[in-house]
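Q: what follows is a predicted protein model with its sequence.
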Amino acid sequence: MRNLRRAGVGVGIGMLTMALAAPSAVAASKSDGRATLTGFAVLPAATFVSASDPSGSLLGGTPSNGITPPFADQPVQGFSGIVRNGDGTFEVLSDNGYGNKANSADFVLRVHRVAPDYGSRTVDVVGGINLTDPNGYVPFALTRPDRVLTGADFDVESIQRAKDGTYWIGDEFGPYLLHFDRAGRLLGAPIPLDGVRAPENPAGNPNLNSSKGFEGLAQSPDGRRLYALLEGVVAGDAAGGLRLNEFDIASRSYTGKRWIYQLEDPANAIGDAIAVDDDRFLIIERDNGQGATAKFKRIYLADKRDRNRDGKLDKTLVADLMDIADPRHLGGGADTFTFPFQTIEDVVILDDRTLGVVNDNNFPFSNGRTPGKADDNEFITIRLADPLHADKRFLK
């Protein structure tokens with residue numbers, strides 16, 4: 001494990017103790033049905049893995065939001081998936097790097113361990129693992145001869161930790177499911193989704209747009225099945241209808257069962273999907289705006305039992321991220337807190353009424369919080385107006 005720093009400041013394990021204080025334990029004022037902000041912490045945009053490899057050489061040296069590439073080290077950024085550890089820390093997955101295959105060959109794919117401290121409103125990076133393929137399971141040429149995986153190899157966007165401690169990760173370039181051990185080593189060949197191919201897939205004949213693969217990945221309460229949600233519509237499917245695909249972990253194969261998540265607007269996208277119980281999922285749905293143009297950033301409870309028999313997941317709004325009650329002014333001076341980021345790609349259950357939500361800051365390109373300033377990674381906790389009645393195995 002390499003030493004890490006946050007914006008030039010040494011990282012201390014001692015911050016973990018403070019992180020254990022659950023912000024959800026703070027009593028929230030009545031919010032008239034709105035979610036209420038209970039915790040706010042920030043990881044600065046300019047946070048790097050110290051003594052790591054240079055990165056950003058393919059960005060052309062053009063400044064973005066006050067940040068000028070290339071970088072001496074790897075940025076800790078672009079969080080596209082999150083796993084709760086139960087000790088106040090989280091595993092967070094960085095995506096493919098700088099937005100596409102062509103400019104991310106020197107961005108190392110990595111799972112970081114972070115410790116938010118909502119008392120000091122800071123986030124410490126306390127560890128992490130690089131994703132690698134030392135045994136040669138990837139059937140196509142990789143960018144690096146040492147088989148450390150980069151953003152030119154895969155676009156990793158979603159993550160689940162299995163009962164045995166290994167990681168399942170959803171990719172957008174295939175789209176593929178990738179299985180890694182606890183040290184980040186690939187355990188088998190990338191698993192494609194039959195009949196669906198992105199433009200980056202070596203098999204050719206794409207029927208899915210670029211960067212529209214597995215943005216969400218949920219796990220059943222018993223740990224036997226995964227549910228992989230595409231971000232984009234497969235050619236020939238109805239506008240705004242996203243496929244949710246069931247995968248059996250034991251057989252390493254798709255079961256053939258799938259459901260449709262219907263976007264409120266075909267121009268929207270999903271940011272994450274996690275399970276609540278055997279039938280329900282929390283799904284982030286968002287528009288493409290940021291800052292003043294951000295209008296639609298929501299979390300829905302989606303039910304695959306389809307009670308109205310319309311062939312789609314039933315949807316119930318549980319949190320409008322552009323209208324969060326903030327009576328204690330944790331996120332600023334206003335009574336209403338907004339999360340106006342272009343990409344919000346992380347949601348995690350903390351207790352039956354509390355969710356953790358994190359943005360993907362697209363370092364250094366997004367500036368949803370302050371025009372002209374690169375977005376930080378913001379970690380917030382919100383208390384829902386009503387309990388989820390989640391499976392108790394997700395509340396441990």
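A: Nice, thanks for sending it over. Residues are numbered from 1 along each chain as shown.

Q: what about Phe394, neighbour count?
A: Look at Phe394: counted by other CB atoms under 10 Å, it has 18 neighbours. Every C-beta, even on glycine, is put in place using the N, C-alpha and C of the backbone.

Q: who's the closest residue to it other than its chain neighbours bridged to?
A: Closest residue to Phe394 in three dimensions, ignoring its sequence neighbours and counting by CB to CB, 6 or more residues apart in numbering: Ile349, at 5.4 Å. Beta-bridge partners for Ile349, by DSSP bridges, are Leu355.

Q: number of nearby residues for Ile349?
A: 19.

Q: again, but for Gly174
A: By the criterion of other CB under 10 Å, Gly174 has 24 neighbours.

Q: how close does it get to Ile159?
A: Note on Gly174: its distance to Ile159, by CB to CB, to the nearest Å, is 15 Å.

Q: and the helices in the stretch 251-396 of the chain?
A: Using DSSP state H, counting those that start in this stretch, no helices are assigned anywhere in the stretch 251-396 of the chain.

Q: who's in contact with Leu230?
A: Taking CB atoms under 8 Å, 6 or more residues apart in numbering, we find Leu230 in contact with 175, 196, 208, 212-215, 242-245.

Q: which among those gets closest to Phe90?
A: Each of the contacts of Leu230 was checked against Phe90 using CB to CB; the closest is Glu215, at 18.5 Å.

Q: what's that closest one sitting at in phi/psi?
A: Dihedral pair for Glu215: phi -80, psi -30, per degrees, to the nearest 10.

Q: count the neighbours of the residue lying closest to it once chain neighbours are set aside for me.
A: Nearest residue to Glu215, sequence neighbours excluded (CB to CB, 6+ apart): Glu231, at 3.6 Å. Using other CB under 10 Å, Glu231 is surrounded by 24 other residues.

Q: show me what contacts Glu231?
A: If a contact means CB under 8 Å, 6+ apart, then Glu231 has 157, 172, 211-216, 242, 269-270 as its contacts.

Q: and of the residues you listed, the nearest to Asn103?
A: Among the contacts of Glu231, Ser211 lies closest to Asn103 (CB to CB), at 12.8 Å.

Q: and that closest one, what pLDDT?
A: Listed pLDDT for Ser211 reads 93.

Q: what's the nearest residue to it if we skip its chain neighbours?
A: Using CB to CB, 6+ apart and skipping residues adjacent in sequence, the residue nearest Ser211 is Glu172, 5.4 Å away.

Q: same deal with Gly165?
A: Excluding its sequence neighbours, the residue lying closest to Gly165 (CB to CB, 6+ apart) is Arg182, at 4.9 Å.

Q: list the residues that contact the one you found.
A: Residues near Arg182 by CB under 8 Å, 6+ apart: 129, 165-167.

Q: same question for Gly372.
A: Contact partners of Gly372, counting by CB under 8 Å, 6+ apart, are 65-66.

Q: separation between it and Phe90?
A: As judged by CB to CB, Gly372 and Phe90 stand 29 Å apart.

Q: now swap in Lys101 and tell me
A: From Lys101 to Phe90 the distance is 27 Å (CB to CB).

Q: same check on Leu131?
A: Leu131 sits 17 Å away from Phe90, going by CB to CB.

Q: Asp133 now?
A: Applying CB to CB, the value for Asp133 to Phe90 is 25 Å.

Q: so, low pLDDT: which residues of this structure?
A: Scanning the chain for pLDDT under 70 picks out 1-32.

Q: output the contacts of Glu231 as TSV; include the columns distance to Asn288, neighbour count and secondary structure.
A: Output for the contacts of Glu231, formatted as TSV (distance: CB to CB, whole Å; neighbours: other CB atoms under 10 Å; DSSP: H, G, I helix; E, B strand; the rest coil):
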residue	distance to Asn288	neighbour count	secondary structure
Glu157	16	28	strand
Glu172	16	27	coil
Ser211	12	21	coil
Lys212	13	20	coil
Gly213	17	30	coil
Phe214	19	30	strand
Glu215	13	30	strand
Gly216	17	27	strand
Leu242	16	27	strand
Ala269	7	21	strand
Ile270	12	23	strand
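
Q: would you format the residues you listed as CSV with distance to Leu313 included?
A: What follows is the contacts of Glu231, written out as CSV (distance: CB to CB, whole Å):
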residue, distance to Leu313
Glu157, 20
Glu172, 21
Ser211, 22
Lys212, 18
Gly213, 19
Phe214, 17
Glu215, 15
Gly216, 12
Leu242, 9
Ala269, 16
Ile270, 11
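
Q: for these, which one is nearest Tyr261?
A: Comparing the contacts of Glu231 against Tyr261 with CB to CB picks out Leu242 as the nearest, at 4.6 Å.

Q: picking up where we left off before, which residues sit in contact with the residue nearest to Ser211?
A: The neighbours of Glu172, taking CB under 8 Å, 6+ apart as the test, are 96, 155-157, 198, 200, 210-215, 231.
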